[in-house]
Each structure stands twice: as C-alpha cells, then as structure tokens.
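Colleague: Let me see the structure of the following:
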Amino acid sequence: MTYKILPIPIPPPTKGFTQQLAPFLKFAKFFGRCPLDFEVISKKSQIKYRLNVCSISFYASLILALLLNTALLVALVKYDNVFHNNLFSGGGIWPPSNPSDEYFRGRVSQLVYTLANTMLPLSCIFVFIDYFLAFFKASELANWLNNWNIIEDEMKQIGDQKDVKQDKFRYYFILVFAFAPCMLFGTLETVWQIDFDYPIHSLLSIIYGYLPYISYAIEDSKALLMLKCLQLGFQRVKTDIDEHLIDGRGLLPIRKIHQVLIKLRAQCDKCGDYLATQQLLSILLTMYFMALSFFTFVTVLGNSRDTEGAWNMITFSLAWPFFGISRLSAKVWMSEGITKEEKEIAAILKTEELKEKNSECLGINAYLKELSKVCKLLSHHPTEISLKNYVKLNNALILGVFQQVFTIFIILMQFRMEITHHQLNDSQLPILPRGTTPPSAQQETLITRAGIIIGFLRVYA
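Modeller: The predicted structure is shown next:
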C-alpha cells in the first residue's frame, strides 16, 4: 500500500531592497539618470548592480543625458532675459515676444521681475550638476545597493525571513508627494511661455519647464527611498529581536545582531556621503527660493501697482515655501525615524541585559559582555544621517533653514530700500547731456543682478 505525499508549496523568496528599488531606477533610466546595469540573482529575489562604461545601458543613458542637457542649455540661453535678444532670434522659428511675460513685466518692479526670473535658470544649472553627479557617483550608488544583498543574507540568520515591503511608500507617497507638485509647477512654467504655432519653441518650452522639476523630484525620491531602506533595515532587526524574546528561544544571537547593526550603521554613513553634494545644493536652493518667495509676496502685495494682474505670482510665492520646506521636512522625518528605530533596539537590548545579569547560566558572562558593547554603541553614538559632517538631517536643520531664509529675506528688503532711495535721488538729477542714453531694460537687469550678488557677498564675507 502506497501513500502519495502532497508537495508542500514553497513560498517564493521575499523581494530584497535591491529588487524593490529596481522599478524606480529603471524609471530614472528614461531620463538618463541611472547608468547602472541590472543583473538578477537567481533564487534570491535580489539584483546586483554594476557600472560598466562599455555597456549599451551606459551609452544609452549618456546619450540621452547629453541630448536633454543640450536642449536645456539652448532653452536657458534663449529664454533667460540676459541673452533673450542676442541669440537664436529671427528666422520665423521663435515667437516675437511672450505676451504673458510682457504683461507681467509691466505690472511689477524691475527688482521683483529680475529676482523671479532667476529661479528657473538656477534650477537649470542645478540640473546640469545633478546629471554630472549621477554619472560621477554611479559606482558609489552601485556599491551601496549591493551591500544590501549581503546585509539581508545575514539578517536571515537572526530570525525568520520577513516580507519587508516599501511598495505603498514608493507608489503612493513618492508619486503624490514628490512628483505631483513638481508636475504642477512644471505645467505652470510651460503654459507661461509655450506657443504651439512654433514647434521648436514649444518643444524647448516643455523641456525648459518640466526637466528641472522632474530632475528635482527624481533626486529627492531617490534620497527618500534610500532613507526608507535604512529605516526598514533597523525595523526588521528590532522585529527579529522582539520575536526571539517573545517566543522564548533562549539567548539572543547577539554576535550576529552586533555585526548586522554595524553594517547598517555603515550603510547610513555611505548614504550620507553619497547624498551630500546633491542635498547640500538642494538645501541652499531651497533657502534662496523660500526667501525669494516671501520677498515677492511682501513686495507685490504691498505695492498697488504690482498687485494688479500679479495674483498668479502671489499664489506661486505662497505655494513655494510650503513645497520647499515640506521636501526638506520629509527627509528629516525619515532620518529621525532611523534614529528612533535604533533607540528602540537599544532599549530592548538594555532590558535583556538587566534581565540576564542575575542568571547563572554557563557562558552568560561572554553574552552579557557582548550585549553591553552593543548597548553602549547604540546609546552613546546614535546613528544620524550626516552629509559629510556639514549638516545632519535632524530637526535642528529645519530651524537653521528658517533662520537663513529670514536672513536672506532681510537682505533683499534692505536692497529694495536702497534701490528705492537711489531712484528718488536720480529723479532729482538734471537732464542727461546730449548724446548720453539711459540704460536699457537689459542693462538694468544686469545691474540689478550684480547688485544682489554684491549684497550677498557683503553679508557673508
């Protein structure tokens, strides 16, 4: 008599962090922001990333990045007010003028108009730097991602395999929080100057309007996903420790826990080093844009001539500070979450240490000694995401940003008062001699920008 044993279905291995991040990195490839190759590790649901400068993927990303940056550079030179009347003019390719821009320029002061038009050029310069960093630091990103495969293999030795997912965070939070506002701002910028009667102009307007915001969203999303991986890593270790103690499996595998925690902390340091340059520039740009938005709001609202026909600028100046500080707050929130998870692990291990001190089991001294080392490491040197020791992503950073924002705001207000004072004095000067021409609008723009730069240098010297 024979019995047939039904096969027990073996659940597929849970997706590792490297595989969960793959859809986002593939999306970044479409914009030339990820020159890495993907190699699936069989039977592990993990992916190995590598930088191969001879691969088709690398050259495809490089060519796409060069095309987009070239188009953005042409648009920057064409649409920036300094070069608007000098290059790429005529030929019936470009519209004669932008009615919306001319209408806005006639309703606001020269200072407000000049400052408002520095935002998008600065964002374009930031895009160029981002693309350079994406290729320059690609190998560093690949190493950071591949380290997760090793860490996850060691985590399996601590406890049961856990299904740690970030799908909701990636598909809902990232799309709604990071990309939706950027697409809204990009649409406003594009509608401002697009004219479908001129195809080349329309294409450059779309690239000029959307690419800076998409680039900003991709880099911020990458930072948030990297921080989320670190938070989930500490969270998984805490869950394994909790389950081990609740189930009464005996002493903790403290040596393996210690090794995993050290590697997770090293991942935090490498994450901060990788994000340092891009995030520092992002913070500086956020401070300038927030101060500029507050200044524009106060100036336009306080001047009856500026208020007429400029409500769209008031709305934009109100929306941008919330947008900028919310992006920074999200990264600080994720970083603080990593520190919080580690503190909870330290509290659990400290409780275990106190409980086992009265035990007389064989080998308990070595166990307590290792446990004490881990507790001291986590308690005395908590993990924080440091951008190469320039700043730390913690709550104090938000207060520091607001302090700098209001400092820049005061500088701009003082500069505006100085310009108003000079205009009053100039109105009392005699008529210019024959043959002397007053400065053009383009020259006034250059003079205003130079004065702003000199004002900032005086304060920060």
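Colleague: Check for me that K43 belongs to a helix.
Modeller: No - residue state for K43 (DSSP: H, G, I helix; E, B strand; the rest coil) corresponds to coil; a helix is not indicated.
Colleague: For N395, see how far away it is.
Modeller: Separation of K43 from N395 (C-beta to C-beta, to the nearest Å) stands at 43 Å. C-betas here are computed from N, CA, C, even on glycine.
Colleague: which residue is nearest the middle of the chain?
Modeller: Centre of the chain computed as the mean C-alpha position; nearest residue by C-alpha atoms, centre = their mean is D220, 2.6 Å away.
Colleague: Hmm, R327 and that residue touching each other?
Modeller: Yes - counting by C-beta atoms under 8 Å, a contact exists between D220 and R327, whose distance comes to 5.6 Å.
Colleague: Overlap in contacts, those two.
Modeller: Common neighbours of D220 and R327, counting by C-beta atoms under 8 Å, 6 or more residues apart in numbering, are A178, S282.
Colleague: quick revisit: look up how far K15 lies from the residue nearest to the centre of the chain.
Modeller: Counting by C-beta to C-beta - D220 and K15 are separated by 23 Å.
Colleague: how many neighbours does F17 have?
Modeller: The number of residues packed around F17, counting by other C-beta atoms under 10 Å, is 24.
Colleague: element containing L73, please.
Modeller: Secondary structure assignment for L73, by DSSP states H and E: helix 56-79.
Colleague: gap between that helix and the chain center?
Modeller: Taking the mean C-alpha point of helix 56-79 and that of its whole chain, the gap between them comes to 21 Å (C-alpha atoms, centre = their mean, to the nearest Å).
Colleague: for stretch 167-184, same thing?
Modeller: A distance of 13 Å separates the centroid of the chain from that of stretch 167-184, by C-alpha atoms, centre = their mean.
Colleague: Name the residues that touch stretch 262-269?
Modeller: Defining contact as C-beta under 8 Å, 6+ apart, one finds that stretch 262-269 is touched by 144, 147-148, 150-151, 154, 230, 233-234, 237, 338, 383-386.
Colleague: Go through the helix or strand hosting L184 and flag the buried ones.
Modeller: Using DSSP H and E, the secondary-structure element containing L184 is helix 180-193. Neighbour-count burial for helix 180-193, counted by 16 or more other C-beta atoms under 10 Å, picks out P181, C182, F185, G186, E189, T190, Q193.
Colleague: okay but the fourth one is in contact with Y213, surely?
Modeller: Yes - contact criterion C-beta under 8 Å: G186 and Y213 qualify, at 4.2 Å.
Colleague: Tell me where the stretch 1-150 of the chain has strands.
Modeller: When assigned using DSSP state E, counting those that start in this stretch, the strands of the stretch 1-150 of the chain occupy the ranges 37-41, 46-50.
Colleague: any chance of the ones you listed in TSV, plus distance to Y172, mean neighbour count and mean pLDDT?
Modeller: Supplementary listing: the strands of the stretch 1-150 of the chain in TSV, determined by distance: least, C-beta to C-beta, whole Å; neighbours: other C-beta atoms under 10 Å; pLDDT from 0 to 100:
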stretch	distance to Y172	mean neighbour count	mean pLDDT
strand 37-41	24	13	87
strand 46-50	23	20	89
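Colleague: okay, the ones you listed in TSV with distance to Y390 next?
Modeller: What follows is those, written out as TSV (distance: least, C-beta to C-beta, whole Å):
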stretch	distance to Y390
strand 37-41	32
strand 46-50	27
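Colleague: Could you list the low-confidence segments of the stretch 351-461 of the chain?
Modeller: The model of the stretch 351-461 of the chain has pLDDT under 70 over residues 357-363, 420-461.
Colleague: Ignore what I typed, I meant the stretch 101-250 of the chain.
Modeller: Judged by pLDDT under 70, the stretch 101-250 of the chain has its weakly predicted residues at 101-109, 160-165.
Colleague: could you pull out the helices for it?
Modeller: Defined through DSSP state H, counting those that start in this stretch, the helices belonging to the stretch 101-250 of the chain, from first to last, are 110-116, 119-136, 138-155, 167-168, 180-193, 199-246.
Colleague: For the second one, buried residues please.
Modeller: Meaning helix 119-136. 119-121, 123-127, 130-131, 133-135.
Colleague: Now the two most distant members of those residues.
Modeller: The widest separation within the buried residues of helix 119-136, taken as C-beta to C-beta, falls between M119 and F135 and amounts to 25.9 Å.
Colleague: how close does the nearest residue to Y210 once chain neighbours are set aside sit to R50?
Modeller: Closest residue to Y210 apart from its sequence neighbours, by C-beta to C-beta, 6 or more residues apart in numbering: G186 at 4.0 Å. From G186 over to R50 the distance is 33 Å, taken as C-beta to C-beta.
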